[in-house]
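Asker: structural data only, the sequence is not supplied:
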């Protein structure tokens, strides 16, 4: 009789261990998926912003390599004073925007 209880308790312990491992594996898969999503979101944000200015939007197709470019002086919009005409014109450089 004791052998039956011991065998049953061993079987139950193995079943519990299997379920626990299955939960761990499922959680790890969800965590890995979420980590990948966060990495891609962070990559897009870093490419899009630099000191609060929009530089370039990157889609997943473009992130493969070389698709995104960082803005140069020719990509800068006109300065406020140049558009409104209230003040001395400034040169269009990145240092004058800071």
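Answerer: Cool, the structure landed. From a predicted model like this one, the values you see are computed outputs, not experimental measurements.

Asker: domains of this protein?
Answerer: Here the domain assignment for the chain is 2-67, 71-98, based on automatic domain parsing.

Asker: so for the last one, mean pLDDT?
Answerer: For domain 71-98, the per-residue pLDDT values average out at 61.

Asker: stretch 2-14 now?
Answerer: This predicted structure assigns stretch 2-14 an average pLDDT of 95.

Asker: with stretch 37-47 instead?
Answerer: 88.

Asker: hey, where'd the strands end up in this structure?
Answerer: Taking DSSP state E to define them, one finds strands in the chain at 49-50, 53-54.

Asker: in terms of mean pLDDT, which of those strands ranks lowest?
Answerer: With a mean of 56, strand 53-54 has the lowest mean pLDDT of the strands of the chain.

Asker: for this structure, longest helix please?
Answerer: When every helix of the chain is counted residue by residue (DSSP state H), the longest turns out to be helix 2-48.

Asker: for residue 46, give its distance to residue 8.
Answerer: As for residue 46, its distance to residue 8 is 57 Å (criterion: CB to CB, to the nearest Å). C-beta here means a position set from N, CA and C on the backbone, and glycine is covered the same way.

Asker: next: residue 30.
Answerer: Separation of residue 30 from residue 8 (CB to CB): 33 Å.

Asker: repeat that for residue 21.
Answerer: 21 Å.

Asker: with residue 33 instead?
Answerer: 38 Å.

Asker: with residue 24 instead?
Answerer: Applying CB to CB, the value for residue 24 to residue 8 is 25 Å.

Asker: what's the local residue count around residue 36?
Answerer: Summarising burial for residue 36: neighbours were counted as other CB atoms under 10 Å, giving 10.

Asker: let me redo that: residue 6
Answerer: Residue 6, neighbours per other CB under 10 Å, totals 10.

Asker: then the one 3 residues further on?
Answerer: Number of residues near residue 9 (other CB under 10 Å) recorded here: 10.
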